[in-house]
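Trainee: the following block contains a protein sequence and its predicted model.
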Amino acid sequence: MPPSDLADRLAGAHHGLSRAVRVSFEFFPPTDEPAAQTLWSAVQRLAPLAPRFVSITYGAGGSTRDRTHQLVRRLLGDTSLTPAPHLTCVGSERAQIEQIARSYWDAGVRHIVALRGDPVPGSGAYCPRPDGFPFAVDLVRGLRAVADFEISVAAYPEVHPEARDAQADLDNLKAKLDAGADRAITQFFFDPALFLRFRERCAAAGIRAPLVPGILPITRFPQMLRFAERAGASVPAWLRRRFDGLEDDTDTRRLIAAAFAISQVETLCREGVEEFHFYTLNRAELTYAICHALGLRPGTATAPAVPGALSSQR
Ligand SMILES: Cc1cc2nc3c(=O)[nH]c(=O)nc-3n(C[C@H](O)[C@H](O)[C@H](O)COP(=O)(O)OP(=O)(O)OC[C@H]3O[C@@H](n4cnc5c(N)ncnc54)[C@H](O)[C@@H]3O)c2cc1C
């Protein structure tokens, strides 16, 4: 077989049924100059892939507020990317959050990722403030009242760790979308079947908005395990075995990580997924490789030929 990329192979395999894949990237605000250099080199490398938007995290408890705003302003001023700042309820008054949203709008921001947010680690369980937005659904309503933002919200294929049960969590997601959110971006997961089952449950609950899988390329395995524990994401035993013994072997680890993530997106593409959100951790290499396998090339807004669908997403 002549060399071809994943997109061409799959599109061909499904008799030319090809569609456009879109991607978006998450970055976090850097804490110091070396971290800023790492971030900007990742931005430079990934920007030519023309992501639909780049989302910028808001630290736990709103702790990166100023750095998030600075990064958003710089992205607006110095790049052609579309920044989508994350905004959280935790630790802020309603009026403060509305003011931030208004100043974002005035600066040209048109897309916000609306979240309840996590409290600062060690500060105990989340407790809504009486003068704040209690949950993400309330923030979505608040943002809608400020301006006509595009709004993304969070979704949890493996159920949010604090949810009463899976049904309550699904009801909450539907409430956020019914309140005016445009799409849901999922927490990361590793087994594509988890996402596909969740998508079915969303469809059965009447959710029609796009459900975008959040993909975490595994840069460092121990760090990923910490994230997974906090997020309530399961790590299959076979994935642990695959990274076993590679702690000091960066090159092999990177190859394994790329191969795994490419097979993950390949499976999702076959099931009709057309949009992916990458948790880049401010690193370009793995995300770039996965996007390349998806058929994305510098200078194209969407992949030229995209995996054909076995079944449609919604
Ligand atoms: C794509 C994505 C990006 C993220 N970015 C950030 C970030 O930048 N900064 C950050 O701090 N965190 C971030 N997080 C983490 C997120 O803030 C946490 O998972 C947080 O604990 C929940 O946020 P949410 O918006 O999903 O909350 P919500 O949708 O409000 O839900 C939170 C929990 O409360 C429950 N719930 C909802 N309404 C009620 C109610 N009325 N009564 C009782 N329970 C209720 C829900 O079932 C759920 O268990 C992100 C998560 C994702 C998936």
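Mentor: That came through, no problem. Residues are numbered from 1 along each chain as shown.

Trainee: so what secondary structure elements neighbour whichever helix in the chain runs longest?
Mentor: Ordering each helix of the chain by length in residues (DSSP state H) puts helix 250-270 first. Using 3 or more CB pairs under 8 Å, 6 or more residues apart in numbering; DSSP states H and E as the contact criterion, the secondary-structure elements in contact with helix 250-270 are helix 6-13, helix 192-204, strand 211-215, helix 237-243, helix 285-293. To be clear about C-beta, it is placed using only N, CA and C from the backbone, and glycine gets the same treatment.

Trainee: tell me the helix or strand right after that helix.
Mentor: Sequence order places strand 275-279 as the next helix or strand after helix 250-270, per DSSP states H and E.

Trainee: what lines up beside that following strand in the sheet?
Mentor: Here strand 275-279 has these sheet partners by DSSP bridges: strand 22-27 (parallel), strand 211-215 (parallel).

Trainee: does it come close to the ligand?
Mentor: No. Applying CB under 6 Å from any ligand atom, one finds strand 275-279 separated from the ligand by no less than 6.8 Å.

Trainee: pull the residues that contact that strand.
Mentor: Where contact means CB atoms under 8 Å, 6 or more residues apart in numbering, the residues beyond strand 275-279 that reach it are 21-26, 52, 55, 185-186, 188, 210, 212-217, 265, 268, 287, 290-291, 294.

Trainee: any idea of the mean pLDDT for that strand?
Mentor: For strand 275-279, the per-residue pLDDT values average out at 98.

Trainee: what's the answer for stretch 194-213, then?
Mentor: The predicted model gives stretch 194-213 an average pLDDT of 98.

Trainee: contacts for it next, please.
Mentor: Where contact means CB under 8 Å, 6+ apart, the residues beyond stretch 194-213 that reach it are 24, 152, 155-158, 166, 170-171, 173-174, 177, 181-186, 189, 234, 268, 271, 273, 275-277, 313-314.

Trainee: about what we covered before: any chance of JSON lines for the strands paired with strand 275-279, columns distance to W40?
Mentor: Listed next are the strands paired with strand 275-279 as JSON lines, based on distance: least, CB to CB, whole Å:
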{"stretch": "strand 22-27", "distance to W40": "10"}
{"stretch": "strand 211-215", "distance to W40": "22"}
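
Trainee: and those strands as CSV, adding distance to the ligand and mean neighbour count?
Mentor: Putting the strands paired with strand 275-279 into CSV (distance: least, CB to the nearest ligand atom, whole Å; neighbours: other CB atoms under 10 Å) gives the following:
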stretch, distance to the ligand, mean neighbour count
strand 22-27, 7, 23
strand 211-215, 5, 23
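
Trainee: among these, which comes closest to R73?
Mentor: strand 22-27 (13.8 Å; CB to CB).

Trainee: relative to helix 250-270, how tilted is that closest one?
Mentor: An angle of 140 degrees separates the directions of strand 22-27 and helix 250-270 when computed by axes from the mean of the first three to the mean of the last three CA atoms, to 10 degrees.

Trainee: who does the one helix or strand P85 maps to pair up with?
Mentor: Secondary-structure element containing P85, defined by DSSP H and E: strand 83-88. Strands that pair with strand 83-88, judged by DSSP bridges, come out as strand 54-56 (parallel), strand 111-115 (parallel).

Trainee: immediately after that strand, which helix or strand?
Mentor: Elements were assigned by DSSP H and E; along the chain past strand 83-88, the next helix or strand is helix 94-107.

Trainee: just the angle between the strand holding P85 and helix 94-107, please?
Mentor: Relative orientation of strand 83-88 versus helix 94-107 (the same axes, to 10 degrees): 180 degrees.

Trainee: with just CA atoms, put strand 83-88 into CSV.
Mentor: What follows is strand 83-88 as a C-alpha-only set of coordinates in CSV (Å, rounded to 0.1, in the frame of the first residue of the first chain):
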residue,chain,number,x,y,z
PRO,A,83,-9.0,32.9,22.1
ALA,A,84,-11.7,31.4,24.3
PRO,A,85,-11.0,32.2,27.9
HIS,A,86,-12.2,29.8,30.6
LEU,A,87,-14.2,31.6,33.3
THR,A,88,-15.2,30.0,36.6
